[in-house]
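In: Please work out how this folds:
(2 chains)
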Amino acid sequence: MTQAVALAEGENTVVVIRRHWYSLAVEGALDVVIFLCLIGAILFLDTVALVGENSKYADTIVPLGFFALGFFGLLVWMHFFASWSDHWLDAWIITDKRVIDIEQKGFFVRQVSSFPLDRIQDVTYTVSGIIPTWLHFGDVRIQTASISEDFIMRQIPFPQDVKEHLLNVIDNARQK
Amino acid sequence: MYMKDISFPVLLESLPIEIILWAIFGGILIIFGAFSAILLWHWKIYSTGKFTTVSNMVLYLSVSAGFLAIMIISIFWYSL
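Out: Okay, here's the model as predicted:
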């Protein structure tokens, strides 16, 4: 297994958490809408080119329509995959010693921060709204002694389970 | 001087459409190649799972190849 972050000797990954798929769906919805509109427009143009007097131009218009489909389809697909990469490469890694926050911003900005488990003072979670309640995702807020602002894992699936999991890991770490 | 009323199909016939299509295809191929190289490199060094990395890359390249194939077939179709 490839490690995105170098762990210390004797440090083990407990869980890797990523944002809920809903956040990707919201980002990808625009791509899907654009692609469906594109298909609709090309089908319409091709249909127009195949009926009545326009049929003599079908050999010209229809291939150009398919070319446009390939061209714009590839651009939309590349944009969607960039969004998917951003979604997948953002992660929170809970190890038996610390919590690591990895944030990928575009292709060339990558921010990795971490804090040890023994600095955690409190863990709370919030599920706010109809869709988050329905799809079981929300924010987990971690209050630490070392950083001025709270550490927040946003839009993660099953925040209650993550909170319980994190508290168990903290308990285990303190017992060692 | 006066402007002749030229219809769209006549305009298309007067332009070197085939060359333009190949030029657009070449341009998008260069952009796609550079973008994909950066993307694959990112996944290789930052992804946390080998299976996910490989399956995502296969999916990405397969769908992309499909769109590129549509473009090439369209150009040959136009040339017929």
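In: CA only for contacts and neighbour counts going forward, please
Out: OK.
In: same for the longest helix anywhere in chain A, what does it pack against?
Out: Counting by DSSP state H, the longest helix found in chain A is helix A:58-89. If you count contacts as 3 or more Cα pairs under 8 Å, 6 or more residues apart in numbering or on different chains; DSSP states H and E, helix A:58-89 packs onto helix A:21-50, strand A:98-105, helix B:17-46, helix B:50-79.
In: what's the residue nearest the centre of chain A in contact with, if anything?
Out: Residue closest to the mean C-alpha point of chain A, counted by Cα atoms, centre = their mean, is A:H87 at 2.4 Å. Residues counted as contacts of A:H87 (Cα atoms under 8 Å, 6 or more residues apart in numbering or on different chains) are A:R18, A:R19, A:L24.
In: Closest to A:V140 out of the residues you listed?
Out: A:R19 (11.4 Å; Cα to Cα).
In: Which residues of chain A lie near chain B?
Out: Within chain A, the positions near chain B by Cα under 8 Å from any Cα of the partner chain are A:1-4, A:57, A:59-60, A:63-64, A:66-71, A:73-74, A:77-78, A:81-82, A:85, A:88-89, A:107.
In: Report pLDDT for residue 3.
Out: Answering for chain A, as no chain was given. With respect to pLDDT, A:Q3 scores 54.
In: meant chain B actually
Out: B:M3 carries a pLDDT score of 57 in this model.
In: so where is chain B shaky, pLDDT-wise?
Out: Applying pLDDT under 70 to chain B flags residues B:1-9, B:12, B:48.
In: Near chain A, which residues of it are found?
Out: Taking Cα under 8 Å from any Cα as the criterion, chain B approaches chain A at residues B:9, B:25, B:28, B:32, B:38-39, B:42-43, B:45-50, B:60, B:64, B:67-72, B:74-75, B:77-78.
In: can you rerun that using 6 Å?
Out: Within chain B, the residues that sit near chain A (Cα under 6 Å from any Cα of the partner chain) are B:Y46, B:S47, B:T48, B:G49, B:F67, B:I70, B:M71, B:S74, B:Y78.
In: Just the buried ones from these?
Out: When the residues of chain B next to chain A are checked for burial by 16 or more other Cα atoms under 10 Å in any protein chain shown, the buried set is B:Y46, B:S47, B:T48, B:F67, B:I70, B:M71, B:S74, B:Y78.
In: Just list the residues touching the last one, thanks.
Out: The reference is to B:Y78. By Cα atoms under 6 Å, 6 or more residues apart in numbering or on different chains, B:Y78 lies in contact with A:P63.
In: Counting by contacts, list what the one helix or strand A:I142 maps to packs against.
Out: Assessed by DSSP states H and E, A:I142 sits inside strand A:137-144. In terms of contacts (3 or more Cα pairs under 6 Å, 6 or more residues apart in numbering or on different chains; DSSP states H and E), strand A:137-144 is packed against strand A:120-126, strand A:151-157.
In: Turn those into a markdown table, columns for mean neighbour count and mean pLDDT.
Out: As requested, the helices and strands packed on strand A:137-144 are exported to a markdown table (neighbours: other Cα atoms under 10 Å in any protein chain shown; pLDDT from 0 to 100):
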| stretch | mean neighbour count | mean pLDDT |
| --- | --- | --- |
| strand A:120-126 | 16 | 90 |
| strand A:151-157 | 19 | 90 |
